[in-house]
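1. I would like to see how this sequence folds:
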Amino acid sequence: MTQVIVLPHVELCPDGTVIEAEEGKSICENLLEHGIELEHACEMSCACTTCHVVVREGFASLDAAEEEEEDLLDKAWGLEPNSRLGCQALVRSTPLVVEIPKYSINMAKEGHRK
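-> Residues are numbered from 1 along each chain as shown. From the prediction side, this is the model:
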């Protein structure tokens with residue numbers, strides 16, 4: 001298990017949290033398994049950008065993004081050099097600090113809270 005610190009997000013994780021993530025699973029899968037409802041409109045098939053996350057620490061430990069992911073990231077809101085799609089970035093043994101951007105490109109998300 002690898003420690004993943006999730007920074008506070010007003011809707012999904014207001015106080016932030018620390019989870020024990022399973023290595024070899026994506027950031028998205030691990031967050032969902034710990035009750036953090038990261039959007040994933042394409043069901044984690046690398047076809048949208050709703051699971052966009054910013055890896056604040058531990059970015060270098062992740063495998064390089066494939067070309068398809070890089071192309072999609074260009075469309076993500078709030079893109080940063082250490083941005084990844086949560087469905088594509090696999091957790092390894094290095095601890096991570098992850099920030100979920102305030103907004104996503106998904107304008108019609110289900111269960112939106114005001």
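2. for E23, helix, strand, or coil?
-> The local conformation at E23, judged by DSSP: H, G, I helix; E, B strand; the rest coil, is coil.
3. Let me know whether it touches E29 as I believe.
-> No: E23 lies out of contact with E29 (CB atoms under 8 Å); the separation is 11.4 Å. No exception for glycine: its C-beta is placed from N, CA and C like everyone else's.
4. Given the helix or strand hosting R84, what are its sheet partners and their directions?
-> Using DSSP states H and E, R84 maps to strand 83-85. Next to strand 83-85 in the sheet, as set by DSSP bridges, lie strand 52-57 (antiparallel).
5. From the contact counts, what lies against whichever helix or strand comes after the strand holding R84?
-> The helix or strand immediately downstream of strand 83-85 is strand 96-99, counting by DSSP H and E. Applying 3 or more CB pairs under 8 Å, 6 or more residues apart in numbering; DSSP states H and E, one finds that strand 96-99 contacts strand 2-6, helix 27-33, strand 52-57.
6. could those go into TSV alongside distance to L12, mean pLDDT and mean neighbour count?
-> What follows is these, written out as TSV (distance: least, CB to CB, whole Å; pLDDT from 0 to 100; neighbours: other CB atoms under 10 Å):
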stretch	distance to L12	mean pLDDT	mean neighbour count
strand 2-6	8	98	19
helix 27-33	8	98	21
strand 52-57	11	98	20
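7. of all the ones you listed, which lies closest to N82?
-> Proximity to N82 (CB to CB) singles out strand 52-57 among the helices and strands packed on strand 96-99, at 5.0 Å.
8. The closest one: what's the following helix or strand?
-> Sequence-wise, the next helix or strand downstream of strand 52-57 (DSSP H and E) is helix 67-73.
9. what about that next one, average pLDDT?
-> Average pLDDT, helix 67-73: 96.
10. Show me what that helix is packed up against.
-> Using 3+ CB pairs under 8 Å, 6+ apart, the elements in contact with helix 67-73 are strand 83-85.
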